[in-house]
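> based on what follows, work out the 3D shape:
(2 chains)
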2 protein chains.
Amino acid sequence: MIQVIKIGGKLVENDDILNRLSDELSIAYPNCVLIHGGGSMAGQLASRLGIETRMHEGRRITDKETLEVVVMAYAGLANKKIVAKLQAKGVSACGLSGCDMGVVQAHKREVKDIDWGFVGDVDQVNAEALKDLLDRKVMPVLSAITCSPDGQLLNTNADSVAGAVAIALSKLCDIELVFCFDKPGVLLDVNDDSSLIPTLDAEKYKAYLAQGVIHSGMMPKLENAFKTIAAGVKSVRLTSPENLSGGTVIK
Amino acid sequence: MIQVIKIGGKLVENDDILNRLSDELSIAYPNCVLIHGGGSMAGQLASRLGIETRMHEGRRITDKETLEVVVMAYAGLANKKIVAKLQAKGVSACGLSGCDMGVVQAHKREVKDIDWGFVGDVDQVNAEALKDLLDRKVMPVLSAITCSPDGQLLNTNADSVAGAVAIALSKLCDIELVFCFDKPGVLLDVNDDSSLIPTLDAEKYKAYLAQGVIHSGMMPKLENAFKTIAAGVKSVRLTSPENLSGGTVIK
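Here you go, the predicted structure:
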(Lines give C-alpha, C1' and ligand atoms only; values in the text may rest on other atoms or scores of the structure.)
Protein backbone atom coordinates (compact mmCIF):
# COMPACT_ATOMS: atom_id res chain seq x y z
CA MET A 1 0.00 0.00 0.00
CA ILE A 2 1.26 3.48 -0.92
CA GLN A 3 0.30 6.40 1.33
CA VAL A 4 -0.42 9.76 -0.28
CA ILE A 5 0.07 12.11 2.66
CA LYS A 6 -1.19 15.67 2.72
CA ILE A 7 0.20 18.04 5.30
CA GLY A 8 -0.94 21.60 5.83
CA GLY A 9 1.58 24.39 5.42
CA LYS A 10 1.07 25.54 9.00
CA LEU A 11 2.43 22.23 10.26
CA VAL A 12 5.44 22.41 7.92
CA GLU A 13 6.45 25.79 9.35
CA ASN A 14 6.78 24.42 12.83
CA ASP A 15 10.31 22.97 13.11
CA ASP A 16 9.35 20.56 15.90
CA ILE A 17 6.43 19.12 13.95
CA LEU A 18 8.51 18.98 10.75
CA ASN A 19 11.14 17.00 12.64
CA ARG A 20 8.65 14.51 14.03
CA LEU A 21 6.91 14.23 10.65
CA SER A 22 10.24 13.44 8.96
CA ASP A 23 10.84 10.68 11.51
CA GLU A 24 7.41 9.23 10.70
CA LEU A 25 8.06 9.58 6.97
CA SER A 26 11.42 7.84 7.22
CA ILE A 27 9.49 4.84 8.62
CA ALA A 28 6.85 4.99 5.87
CA TYR A 29 9.61 5.43 3.21
CA PRO A 30 9.76 4.40 0.39
CA ASN A 31 6.00 3.83 0.23
CA CYS A 32 4.68 7.36 0.30
CA VAL A 33 4.10 10.59 -1.57
CA LEU A 34 3.98 13.84 0.40
CA ILE A 35 1.84 16.78 -0.67
CA HIS A 36 2.09 20.13 1.08
CA GLY A 37 0.90 23.70 1.01
CA GLY A 38 2.94 26.62 2.25
CA GLY A 39 0.60 27.90 4.93
CA SER A 40 1.30 31.31 6.29
CA MET A 41 4.75 31.52 4.63
CA ALA A 42 3.14 33.03 1.55
CA GLY A 43 1.04 35.43 3.62
CA GLN A 44 4.05 36.53 5.63
CA LEU A 45 6.15 37.04 2.53
CA ALA A 46 3.36 38.95 0.79
CA SER A 47 2.90 41.21 3.78
CA ARG A 48 6.66 41.91 4.03
CA LEU A 49 6.61 42.81 0.33
CA GLY A 50 3.62 45.10 0.86
CA ILE A 51 1.36 42.94 -1.32
CA GLU A 52 -2.21 42.95 -0.13
CA THR A 53 -3.62 39.53 0.75
CA ARG A 54 -7.14 39.08 -0.58
CA MET A 55 -9.07 36.05 0.58
CA HIS A 56 -12.50 34.75 -0.37
CA GLU A 57 -14.13 31.99 1.64
CA GLY A 58 -10.79 31.30 3.30
CA ARG A 59 -8.93 30.94 0.02
CA ARG A 60 -6.35 33.19 -1.52
CA ILE A 61 -7.13 35.32 -4.56
CA THR A 62 -3.97 35.09 -6.63
CA ASP A 63 -2.95 38.03 -8.80
CA LYS A 64 0.35 38.05 -10.75
CA GLU A 65 2.45 39.33 -7.83
CA THR A 66 0.80 36.94 -5.36
CA LEU A 67 1.44 34.03 -7.73
CA GLU A 68 5.18 34.80 -7.66
CA VAL A 69 5.06 34.92 -3.86
CA VAL A 70 3.20 31.61 -3.66
CA VAL A 71 5.60 29.90 -6.08
CA MET A 72 8.58 31.16 -4.06
CA ALA A 73 7.07 30.14 -0.72
CA TYR A 74 5.53 26.75 -1.63
CA ALA A 75 7.69 25.39 -4.49
CA GLY A 76 10.82 27.14 -3.20
CA LEU A 77 11.27 27.50 0.54
CA ALA A 78 8.69 25.07 2.00
CA ASN A 79 9.46 22.33 -0.52
CA LYS A 80 13.24 22.48 -0.22
CA LYS A 81 13.13 22.71 3.60
CA ILE A 82 11.10 19.48 3.74
CA VAL A 83 13.28 17.70 1.17
CA ALA A 84 16.55 18.72 2.89
CA LYS A 85 15.18 17.50 6.23
CA LEU A 86 14.19 14.14 4.69
CA GLN A 87 17.54 13.72 2.93
CA ALA A 88 19.28 14.19 6.28
CA LYS A 89 17.18 11.30 7.64
CA GLY A 90 18.30 8.98 4.85
CA VAL A 91 15.17 9.39 2.72
CA SER A 92 15.79 9.97 -0.96
CA ALA A 93 13.15 12.64 -1.53
CA CYS A 94 12.48 14.57 -4.71
CA GLY A 95 10.78 17.95 -4.48
CA LEU A 96 8.31 18.63 -7.28
CA SER A 97 5.64 21.08 -8.25
CA GLY A 98 2.84 20.23 -10.65
CA CYS A 99 4.81 21.63 -13.60
CA ASP A 100 7.71 19.21 -13.15
CA MET A 101 7.30 16.32 -15.62
CA GLY A 102 3.72 17.59 -16.00
CA VAL A 103 2.91 15.84 -12.72
CA VAL A 104 -0.27 17.86 -12.08
CA GLN A 105 -1.89 19.61 -15.02
CA ALA A 106 -4.57 22.18 -14.30
CA HIS A 107 -6.50 25.00 -15.92
CA LYS A 108 -7.00 28.55 -14.69
CA ARG A 109 -10.30 28.76 -12.87
CA GLU A 110 -12.97 30.51 -14.95
CA VAL A 111 -14.10 33.95 -13.85
CA LYS A 112 -17.71 33.69 -12.64
CA ASP A 113 -18.95 35.61 -9.60
CA ILE A 114 -15.39 36.10 -8.53
CA ASP A 115 -12.05 36.37 -10.31
CA TRP A 116 -9.69 34.05 -8.44
CA GLY A 117 -6.76 35.12 -10.60
CA PHE A 118 -4.05 32.50 -11.11
CA VAL A 119 -5.83 29.71 -9.27
CA GLY A 120 -5.89 26.28 -10.87
CA ASP A 121 -8.33 23.39 -10.90
CA VAL A 122 -6.76 20.01 -11.51
CA ASP A 123 -7.40 18.26 -14.85
CA GLN A 124 -4.86 15.48 -14.97
CA VAL A 125 -2.15 13.75 -12.96
CA ASN A 126 0.91 12.09 -14.50
CA ALA A 127 0.65 9.10 -12.16
CA GLU A 128 3.22 7.12 -14.17
CA ALA A 129 5.95 9.66 -13.38
CA LEU A 130 5.16 9.46 -9.66
CA LYS A 131 4.97 5.65 -9.73
CA ASP A 132 8.31 5.61 -11.53
CA LEU A 133 9.93 7.59 -8.71
CA LEU A 134 8.34 5.31 -6.09
CA ASP A 135 9.63 2.23 -7.93
CA ARG A 136 13.12 3.72 -7.71
CA LYS A 137 12.68 4.29 -3.96
CA VAL A 138 12.36 8.05 -4.33
CA MET A 139 9.70 9.84 -2.25
CA PRO A 140 7.94 12.55 -4.27
CA VAL A 141 7.39 15.74 -2.23
CA LEU A 142 4.85 17.78 -4.14
CA SER A 143 3.96 21.43 -3.55
CA ALA A 144 0.47 22.52 -4.55
CA ILE A 145 1.62 24.63 -7.51
CA THR A 146 0.26 23.33 -10.80
CA CYS A 147 0.70 24.28 -14.43
CA SER A 148 -1.59 24.67 -17.45
CA PRO A 149 -0.66 23.05 -20.79
CA ASP A 150 0.42 26.48 -22.08
CA GLY A 151 2.90 26.91 -19.24
CA GLN A 152 0.96 29.10 -16.80
CA LEU A 153 1.84 28.37 -13.18
CA LEU A 154 -1.26 28.18 -10.95
CA ASN A 155 -1.90 28.25 -7.22
CA THR A 156 -3.94 25.18 -6.30
CA ASN A 157 -5.66 23.88 -3.20
CA ALA A 158 -3.41 21.24 -1.62
CA ASP A 159 -6.34 19.03 -0.51
CA SER A 160 -7.59 18.91 -4.10
CA VAL A 161 -4.13 18.07 -5.41
CA ALA A 162 -3.79 15.28 -2.84
CA GLY A 163 -7.19 13.85 -3.78
CA ALA A 164 -6.44 13.94 -7.50
CA VAL A 165 -3.00 12.36 -7.03
CA ALA A 166 -4.43 9.60 -4.81
CA ILE A 167 -7.18 8.76 -7.30
CA ALA A 168 -4.80 8.77 -10.29
CA LEU A 169 -2.25 6.59 -8.48
CA SER A 170 -5.02 4.18 -7.38
CA LYS A 171 -5.25 3.01 -11.02
CA LEU A 172 -1.64 1.75 -10.68
CA CYS A 173 -1.43 0.50 -7.07
CA ASP A 174 -3.30 0.35 -3.75
CA ILE A 175 -3.52 3.80 -2.19
CA GLU A 176 -4.31 5.21 1.22
CA LEU A 177 -4.88 8.97 1.30
CA VAL A 178 -3.76 10.52 4.58
CA PHE A 179 -4.79 14.00 5.74
CA CYS A 180 -2.63 15.31 8.56
CA PHE A 181 -4.19 17.96 10.74
CA ASP A 182 -3.98 19.29 14.27
CA LYS A 183 -6.29 16.67 15.81
CA PRO A 184 -5.50 12.97 16.43
CA GLY A 185 -8.39 11.97 14.10
CA VAL A 186 -12.18 12.11 14.05
CA LEU A 187 -13.36 12.70 17.62
CA LEU A 188 -16.79 12.08 19.13
CA ASP A 189 -16.04 14.97 21.47
CA VAL A 190 -13.86 17.68 19.90
CA ASN A 191 -12.46 18.54 23.31
CA ASP A 192 -11.54 14.99 24.25
CA ASP A 193 -8.68 13.41 22.31
CA SER A 194 -9.50 10.01 23.85
CA SER A 195 -12.89 9.99 22.08
CA LEU A 196 -11.17 9.05 18.79
CA ILE A 197 -13.16 6.93 16.32
CA PRO A 198 -10.55 4.47 14.99
CA THR A 199 -12.52 3.30 11.94
CA LEU A 200 -15.45 4.64 10.00
CA ASP A 201 -17.46 3.36 7.06
CA ALA A 202 -20.47 4.80 5.24
CA GLU A 203 -22.95 2.97 7.44
CA LYS A 204 -21.32 3.98 10.72
CA TYR A 205 -21.01 7.54 9.41
CA LYS A 206 -24.77 7.70 8.71
CA ALA A 207 -25.50 6.40 12.20
CA TYR A 208 -23.22 9.03 13.78
CA LEU A 209 -24.84 11.72 11.63
CA ALA A 210 -28.29 10.63 12.77
CA GLN A 211 -27.09 10.83 16.39
CA GLY A 212 -25.67 14.28 15.65
CA VAL A 213 -22.28 13.38 17.12
CA ILE A 214 -20.15 14.31 14.09
CA HIS A 215 -18.77 17.83 14.41
CA SER A 216 -20.00 19.97 11.51
CA GLY A 217 -16.42 21.08 10.71
CA MET A 218 -15.53 17.45 9.97
CA MET A 219 -18.42 16.83 7.61
CA PRO A 220 -16.88 18.20 4.36
CA LYS A 221 -13.66 16.25 5.06
CA LEU A 222 -15.65 13.04 5.57
CA GLU A 223 -17.95 13.55 2.58
CA ASN A 224 -14.82 14.07 0.46
CA ALA A 225 -13.22 10.96 1.91
CA PHE A 226 -16.17 8.81 0.84
CA LYS A 227 -16.07 10.32 -2.67
CA THR A 228 -12.35 9.56 -2.94
CA ILE A 229 -12.95 5.97 -1.87
CA ALA A 230 -15.75 5.63 -4.42
CA ALA A 231 -13.21 6.79 -7.04
CA GLY A 232 -10.80 3.94 -6.30
CA VAL A 233 -8.69 4.86 -3.24
CA LYS A 234 -8.64 2.00 -0.70
CA SER A 235 -8.89 4.13 2.44
CA VAL A 236 -8.62 7.66 3.77
CA ARG A 237 -6.92 8.36 7.07
CA LEU A 238 -7.35 11.48 9.19
CA THR A 239 -4.56 11.84 11.72
CA SER A 240 -1.90 14.07 13.22
CA PRO A 241 1.51 14.38 11.50
CA GLU A 242 3.15 12.60 14.46
CA ASN A 243 1.17 9.41 13.93
CA LEU A 244 0.87 8.41 10.28
CA SER A 245 -0.32 4.89 11.13
CA GLY A 246 -2.88 6.05 13.71
CA GLY A 247 -5.91 8.31 13.73
CA THR A 248 -9.20 7.49 12.02
CA VAL A 249 -9.30 5.15 9.03
CA ILE A 250 -12.23 5.59 6.66
CA LYS A 251 -13.03 2.71 4.33
CA MET B 1 26.41 13.29 -26.60
CA ILE B 2 24.63 14.91 -23.64
CA GLN B 3 24.93 18.69 -23.23
CA VAL B 4 25.18 20.11 -19.72
CA ILE B 5 24.10 23.70 -20.29
CA LYS B 6 24.71 26.48 -17.80
CA ILE B 7 22.76 29.68 -18.15
CA GLY B 8 23.22 32.78 -16.01
CA GLY B 9 20.31 34.06 -13.99
CA LYS B 10 20.37 37.40 -15.76
CA LEU B 11 19.51 35.67 -19.03
CA VAL B 12 16.68 33.69 -17.41
CA GLU B 13 15.02 36.90 -16.22
CA ASN B 14 14.69 38.22 -19.73
CA ASP B 15 11.46 36.78 -21.15
CA ASP B 16 12.63 37.15 -24.77
CA ILE B 17 15.87 35.29 -24.12
CA LEU B 18 14.08 32.64 -22.04
CA ASN B 19 11.70 32.08 -24.95
CA ARG B 20 14.48 31.68 -27.48
CA LEU B 21 16.45 29.47 -25.08
CA SER B 22 13.44 27.18 -24.63
CA ASP B 23 13.16 26.86 -28.42
CA GLU B 24 16.83 25.88 -28.57
CA LEU B 25 16.38 23.46 -25.67
CA SER B 26 13.37 21.81 -27.28
CA ILE B 27 15.69 20.99 -30.22
CA ALA B 28 18.44 19.66 -27.93
CA TYR B 29 15.84 17.70 -25.88
CA PRO B 30 16.05 15.01 -24.54
CA ASN B 31 19.85 15.12 -24.56
CA CYS B 32 20.54 17.91 -22.12
CA VAL B 33 20.68 19.03 -18.52
CA LEU B 34 20.09 22.71 -17.73
CA ILE B 35 21.78 24.43 -14.79
CA HIS B 36 20.82 27.96 -13.80
CA GLY B 37 21.40 30.67 -11.23
CA GLY B 38 18.81 33.23 -10.28
CA GLY B 39 20.71 36.36 -11.16
CA SER B 40 19.34 39.61 -9.87
CA MET B 41 16.02 38.02 -8.76
CA ALA B 42 17.55 37.24 -5.38
CA GLY B 43 19.05 40.73 -5.10
CA GLN B 44 15.76 42.38 -6.00
CA LEU B 45 13.80 40.26 -3.54
CA ALA B 46 16.35 40.90 -0.79
CA SER B 47 16.21 44.62 -1.39
CA ARG B 48 12.38 44.64 -1.35
CA LEU B 49 12.53 42.75 1.97
CA GLY B 50 15.03 45.24 3.34
CA ILE B 51 17.77 42.63 3.60
CA GLU B 52 21.20 44.07 3.00
CA THR B 53 23.12 42.48 0.11
CA ARG B 54 26.74 41.86 1.03
CA MET B 55 29.10 40.85 -1.77
CA HIS B 56 32.76 39.85 -1.71
CA GLU B 57 34.72 39.56 -4.96
CA GLY B 58 31.46 39.62 -6.89
CA ARG B 59 29.92 36.81 -4.86
CA ARG B 60 27.07 36.90 -2.39
CA ILE B 61 27.67 36.47 1.34
CA THR B 62 24.73 34.35 2.46
CA ASP B 63 23.37 34.77 5.98
CA LYS B 64 20.26 32.89 7.17
CA GLU B 65 17.79 35.42 5.78
CA THR B 66 19.63 35.71 2.48
CA LEU B 67 19.67 31.91 2.16
CA GLU B 68 15.86 31.86 2.36
CA VAL B 69 15.70 34.57 -0.30
CA VAL B 70 18.09 32.69 -2.57
CA VAL B 71 16.18 29.39 -2.16
CA MET B 72 12.90 31.15 -2.97
CA ALA B 73 14.33 32.98 -5.98
CA TYR B 74 16.48 30.21 -7.52
CA ALA B 75 14.80 26.92 -6.53
CA GLY B 76 11.33 28.50 -6.49
CA LEU B 77 10.57 31.23 -8.99
CA ALA B 78 13.42 30.96 -11.54
CA ASN B 79 13.31 27.15 -11.62
CA LYS B 80 9.55 26.81 -12.01
CA LYS B 81 9.37 29.61 -14.61
CA ILE B 82 11.90 27.76 -16.78
CA VAL B 83 10.24 24.36 -16.29
CA ALA B 84 6.74 25.71 -17.07
CA LYS B 85 8.07 27.35 -20.23
CA LEU B 86 9.73 24.09 -21.34
CA GLN B 87 6.63 22.01 -20.58
CA ALA B 88 4.60 24.34 -22.82
CA LYS B 89 7.09 23.57 -25.63
CA GLY B 90 6.58 19.83 -25.26
CA VAL B 91 9.73 19.20 -23.23
CA SER B 92 9.26 16.98 -20.19
CA ALA B 93 11.43 18.95 -17.77
CA CYS B 94 11.99 18.26 -14.09
CA GLY B 95 13.06 21.11 -11.83
CA LEU B 96 15.56 20.11 -9.17
CA SER B 97 17.82 21.65 -6.61
CA GLY B 98 20.88 19.90 -5.24
CA CYS B 99 18.90 18.54 -2.27
CA ASP B 100 16.44 16.62 -4.45
CA MET B 101 17.53 12.95 -4.60
CA GLY B 102 20.85 14.21 -3.23
CA VAL B 103 21.72 15.35 -6.73
CA VAL B 104 24.45 17.78 -5.61
CA GLN B 105 25.94 17.29 -2.17
CA ALA B 106 28.09 20.06 -0.76
CA HIS B 107 29.62 21.29 2.48
CA LYS B 108 29.39 24.73 4.05
CA ARG B 109 32.48 26.70 3.10
CA GLU B 110 34.95 26.96 5.99
CA VAL B 111 35.39 30.35 7.62
CA LYS B 112 38.89 31.61 6.81
CA ASP B 113 39.57 35.28 5.99
CA ILE B 114 35.92 35.73 5.32
CA ASP B 115 32.72 34.12 6.57
CA TRP B 116 30.66 33.37 3.47
CA GLY B 117 27.75 32.12 5.55
CA PHE B 118 25.58 29.46 3.96
CA VAL B 119 27.68 29.06 0.83
CA GLY B 120 28.44 25.54 -0.35
CA ASP B 121 31.34 23.90 -2.13
CA VAL B 122 30.42 20.80 -4.12
CA ASP B 123 31.57 17.39 -2.83
CA GLN B 124 29.58 14.90 -4.81
CA VAL B 125 27.07 14.58 -7.64
CA ASN B 126 24.45 11.82 -7.87
CA ALA B 127 25.07 11.34 -11.60
CA GLU B 128 23.03 8.12 -11.67
CA ALA B 129 19.84 9.98 -10.68
CA LEU B 130 20.41 12.52 -13.48
CA LYS B 131 21.25 9.80 -16.02
CA ASP B 132 18.10 7.95 -14.97
CA LEU B 133 15.97 11.01 -15.78
CA LEU B 134 17.75 11.46 -19.12
CA ASP B 135 17.15 7.79 -19.97
CA ARG B 136 13.45 8.40 -19.36
CA LYS B 137 13.52 11.46 -21.67
CA VAL B 138 13.21 13.91 -18.81
CA MET B 139 15.35 17.07 -18.92
CA PRO B 140 16.76 17.92 -15.48
CA VAL B 141 16.61 21.68 -14.75
CA LEU B 142 18.88 22.26 -11.80
CA SER B 143 19.09 25.40 -9.66
CA ALA B 144 22.40 26.09 -7.94
CA ILE B 145 21.11 25.38 -4.44
CA THR B 146 22.89 22.44 -2.84
CA CYS B 147 22.57 20.54 0.43
CA SER B 148 24.95 19.16 3.04
CA PRO B 149 24.55 15.57 4.30
CA ASP B 150 22.98 16.94 7.51
CA GLY B 151 20.28 18.76 5.55
CA GLN B 152 21.63 22.31 5.42
CA LEU B 153 20.64 24.12 2.21
CA LEU B 154 23.55 26.04 0.69
CA ASN B 155 23.91 28.75 -1.92
CA THR B 156 26.40 27.55 -4.54
CA ASN B 157 28.10 29.02 -7.58
CA ALA B 158 26.22 27.85 -10.68
CA ASP B 159 29.41 27.55 -12.80
CA SER B 160 30.91 25.23 -10.18
CA VAL B 161 27.72 23.13 -10.04
CA ALA B 162 27.70 22.87 -13.84
CA GLY B 163 31.37 21.79 -13.90
CA ALA B 164 30.87 19.18 -11.18
CA VAL B 165 27.72 17.79 -12.84
CA ALA B 166 29.44 17.59 -16.24
CA ILE B 167 32.47 15.78 -14.82
CA ALA B 168 30.34 13.32 -12.80
CA LEU B 169 28.09 12.56 -15.78
CA SER B 170 31.14 12.10 -18.03
CA LYS B 171 31.82 8.82 -16.17
CA LEU B 172 28.47 7.52 -17.52
CA CYS B 173 28.24 9.06 -21.02
CA ASP B 174 29.86 11.56 -23.41
CA ILE B 175 29.38 15.10 -22.17
CA GLU B 176 29.68 18.58 -23.64
CA LEU B 177 29.59 21.39 -21.09
CA VAL B 178 28.00 24.56 -22.50
CA PHE B 179 28.33 27.97 -20.89
CA CYS B 180 25.78 30.48 -22.18
CA PHE B 181 26.72 34.09 -21.85
CA ASP B 182 26.03 37.43 -23.51
CA LYS B 183 28.64 37.02 -26.29
CA PRO B 184 28.45 34.69 -29.31
CA GLY B 185 31.62 32.88 -28.11
CA VAL B 186 35.34 33.59 -27.73
CA LEU B 187 36.15 36.65 -29.83
CA LEU B 188 39.52 37.83 -31.12
CA ASP B 189 38.14 41.33 -30.90
CA VAL B 190 35.63 41.81 -28.05
CA ASN B 191 33.87 44.51 -30.05
CA ASP B 192 33.51 42.48 -33.21
CA ASP B 193 31.12 39.53 -33.08
CA SER B 194 32.40 38.31 -36.45
CA SER B 195 35.86 37.69 -34.96
CA LEU B 196 34.56 34.47 -33.31
CA ILE B 197 37.04 31.63 -32.83
CA PRO B 198 34.98 28.52 -33.72
CA THR B 199 37.33 25.94 -32.18
CA LEU B 200 40.12 26.08 -29.67
CA ASP B 201 42.52 23.50 -28.26
CA ALA B 202 45.33 23.79 -25.74
CA GLU B 203 47.94 24.42 -28.43
CA LYS B 204 45.94 27.09 -30.23
CA TYR B 205 45.14 28.69 -26.88
CA LYS B 206 48.83 28.95 -26.00
CA ALA B 207 49.53 30.52 -29.38
CA TYR B 208 46.74 33.09 -28.89
CA LEU B 209 48.03 33.81 -25.38
CA ALA B 210 51.54 34.39 -26.73
CA GLN B 211 50.09 36.80 -29.30
CA GLY B 212 48.13 38.51 -26.52
CA VAL B 213 44.86 38.30 -28.44
CA ILE B 214 42.80 36.52 -25.74
CA HIS B 215 40.85 39.02 -23.63
CA SER B 216 41.88 38.76 -19.98
CA GLY B 217 38.23 38.38 -18.88
CA MET B 218 38.03 35.17 -20.90
CA MET B 219 41.15 33.59 -19.40
CA PRO B 220 39.60 32.09 -16.22
CA LYS B 221 36.72 30.63 -18.27
CA LEU B 222 39.18 29.04 -20.70
CA GLU B 223 41.55 27.75 -18.03
CA ASN B 224 38.54 26.14 -16.33
CA ALA B 225 37.39 24.65 -19.61
CA PHE B 226 40.73 22.89 -20.11
CA LYS B 227 40.62 21.57 -16.53
CA THR B 228 37.10 20.19 -17.09
CA ILE B 229 38.24 18.49 -20.29
CA ALA B 230 41.22 16.98 -18.47
CA ALA B 231 38.72 15.57 -15.93
CA GLY B 232 36.78 13.65 -18.59
CA VAL B 233 34.35 16.03 -20.33
CA LYS B 234 34.63 15.73 -24.15
CA SER B 235 34.30 19.43 -24.97
CA VAL B 236 33.33 22.80 -23.53
CA ARG B 237 31.29 25.26 -25.58
CA LEU B 238 31.05 28.99 -24.94
CA THR B 239 28.06 30.50 -26.72
CA SER B 240 24.96 32.66 -26.49
CA PRO B 241 21.68 31.10 -25.25
CA GLU B 242 20.16 31.56 -28.72
CA ASN B 243 22.69 29.30 -30.38
CA LEU B 244 23.40 26.14 -28.40
CA SER B 245 25.13 24.44 -31.33
CA GLY B 246 27.27 27.45 -32.24
CA GLY B 247 29.86 29.60 -30.51
CA THR B 248 33.34 28.41 -29.60
CA VAL B 249 34.06 24.72 -29.01
CA ILE B 250 37.02 23.93 -26.80
CA LYS B 251 38.48 20.42 -27.00
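
> strands of chain A, start to end?
A:2-7, A:32-36, A:54-56, A:59-61, A:93-96, A:104-108, A:120-125, A:139-143, A:145-147, A:153-155, A:175-180, A:199-200, A:235-239, A:248-250 (DSSP state E).

> nearest to A:L18, of the ones you listed?
Closest approach to A:L18 among the strands of chain A is made by strand A:2-7 (9.0 Å; CB to CB). Quick note: C-beta positions are derived from backbone N, CA and C, even for glycine.

> list the buried ones in the closest one?
Under the neighbour-count criterion of 16 or more other CB atoms under 10 Å in any protein chain shown, strand A:2-7 has A:I2, A:Q3, A:V4, A:I5, A:K6, A:I7 buried.

> hey, what's the last one bridged with?
On the basis of DSSP bridges, A:I7 takes part in beta bridges with A:H36, A:C180.

> likewise the first one?
Per DSSP bridges, the residues bridged to A:I2 are A:I175.

> isn't it right up against A:L177?
No: using CB atoms under 8 Å, A:I2 is not in contact with A:L177, being 9.9 Å away.

> just want the phi and psi numbers for the nearest residue to A:Y208 once chain neighbours are set aside.
Excluding the flanking residues, the one nearest A:Y208 by CB to CB, 6 or more residues apart in numbering or on different chains is A:I214, at 4.8 Å. Here is the backbone geometry of A:I214 (degrees, to the nearest 10): phi -90, psi 130.

> how near is A:I214 to chain B?
Separation of A:I214 from chain B (CB to the nearest CB, to the nearest Å): 39 Å.

> what is the neighbour count of that residue?
The number of residues packed around A:I214, counting by other CB atoms under 10 Å in any protein chain shown, is 20.

> can you tell me which residues contact it?
A:V186, A:Y205, A:Y208, A:L222 (CB atoms under 8 Å, 6 or more residues apart in numbering or on different chains).

> ok, now A:V12?
Going by CB under 8 Å, 6+ apart, the list of residues near A:V12 reads A:L18, A:H36, A:G37, A:G38, A:G39, A:A78, A:K81, A:I82.

> okay, now the nearest residue to the last one once chain neighbours are set aside: neighbour count?
Okay, so that is A:I82. Using CB to CB, 6+ apart and skipping the chain neighbours, the partner closest in space to A:I82 is A:V141 (5.5 Å). Number of residues near A:V141 (other CB under 10 Å) recorded here: 26.

> thinking again about what came up before, turn the strands of chain A into TSV, including distance to B:C99.
Listed next are those as TSV, based on distance: least, CB to CB, whole Å:
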stretch	distance to B:C99
strand A:2-7	18
strand A:32-36	14
strand A:54-56	32
strand A:59-61	27
strand A:93-96	7
strand A:104-108	21
strand A:120-125	24
strand A:139-143	10
strand A:145-147	17
strand A:153-155	21
strand A:175-180	22
strand A:199-200	38
strand A:235-239	27
strand A:248-250	33
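
> and the least confident of the contacts of A:V12?
For those, the weakest pLDDT value sits at A:G39, with 73.

> A:A78 contacts A:L34, correct?
No: using CB under 8 Å, A:A78 makes no contact with A:L34, being 11.1 Å away.

> what is the burial count for A:Y208?
By other CB under 10 Å, neighbour count at A:Y208 equals 17.

> now do it against A:I167, distance only.
25 Å (CB to CB, to the nearest Å).

> repeat for A:S143
19 Å.

> who's more crowded, the two?
Higher neighbour count among A:S143 and A:I167: A:S143, with 33 against 22, using other CB under 10 Å.

> I'd assumed A:H36 was in contact with the more buried one.
Yes: using CB under 8 Å, A:S143 is in contact with A:H36, at 6.1 Å.

> what touches both of those two?
Common contact partners of A:S143 and A:H36 (CB under 8 Å, 6+ apart): A:Y74, A:A78, A:N79.

> now, which of those residues lie within helices?
A:N79 (DSSP state H).

> can you tell me the closest non-neighbouring residue to A:R20?
A:E242 (4.8 Å).

> could you double-check that the one you found sits in contact with A:I17?
Yes: between A:E242 and A:I17 there is a contact at 7.4 Å, judged by CB under 8 Å.

> would you confirm that A:D150 contacts B:G90?
No: look at A:D150 against B:G90 with CB under 8 Å: they stay out of range, at 11.4 Å.
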